[in-house]
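1. My questions concern the predicted model and sequence given below.
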Amino acid sequence: MARRSEDMRNGPGAVEAAVLYDQDFYAWTQAQAQALRTYFRADNRIDVEHLAEEIEDLGDSQLQAVESFVEQIIAHLLKLDYSGQSDPRAHWRAEVLNFRRSADRKISPSIRRKLEADLEGRYERGREVAALGAIVHEPDLIRRLPRTCPYRWDDIWHRDVMAEAGIDLSAPDRTSAKRRRGRGKT
């Protein structure tokens, strides 16, 4: 009996689930919730429905976080492309990079597919964020923002906003290196 129980825990389904957990946490949460509802519904020792909802919520939380990061990236790209302000541009570029890093920690293949399929929905929210953020300093920005998404997924994820400003983050800063070498000399 112990062998059979161990086989169930370590069988092919368990291995596939463990791989999915490592590769795509969102998809894993959805699959596990469905498995609970399918295979354990009759077991009244387990509160299957609430347990399944909690597992789904873990994945949904991750999805919502990445959606929010993508909307923020879009908002900052819109400000860079359509705002007449010059002072906050360095901040907007930094925010694009920061939101990408944050999204990268949580994105999975299935979340990416969902976001790519709903890029217009994410754009609409990002457009609202850009407009609301500029309401005080640039109230007419909303009129300049395109009604449909001008960006492809690759633009949102990989556009090099620093290079556009003439900043190469991969190159060493030679002036600060010279200053460091020169310190302490008289």
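-> Ah, there it is.

2. Which helix in the chain has the most residues?
-> As assigned by DSSP state H, the longest helix anywhere in the chain is helix 48-82.

3. What are the buried residues along that helix?
-> Within helix 48-82, the residues that count as buried by 16 or more other Cβ atoms under 10 Å are 48, 52, 55-56, 59, 62-63, 65-80, 82. (Each C-beta comes from the backbone N, C-alpha and C, glycine too.)

4. Centre of the chain to that helix, how far?
-> 7 Å (Cα atoms, centre = their mean, to the nearest Å).

5. after that helix, next one along is what?
-> helix 89-106 (DSSP states H and E).

6. That following helix: what's the following helix or strand?
-> Remark: after helix 89-106, the chain's next helix or strand is helix 109-117, criterion DSSP H and E.

7. Next one, pLDDT for Asp160 please.
-> Note for Asp160: predicted pLDDT of 96.

8. Check Thr29 too.
-> 94.

9. Just give the nearest non-adjacent residue to it, would you?
-> Using Cβ to Cβ, 6 or more residues apart in numbering and skipping residues adjacent in sequence, the residue nearest Thr29 is Gly59, 3.0 Å away.

10. again with Arg37
-> Per Cβ to Cβ, 6+ apart, closest to Arg37 is Ala52, 5.2 Å.

11. which stretch of helix or strand covers Ala35?
-> Using DSSP H and E, Ala35 sits within helix 25-39.

12. Buried residues, that helix. List them.
-> For helix 25-39, burial by neighbour count (16+ other Cβ under 10 Å) applies to 25-33, 36.

13. same thing with stretch 94-111?
-> Going by 16+ other Cβ under 10 Å, stretch 94-111 has these buried residues: 95-96, 99-100, 102-103, 106-108, 110-111.
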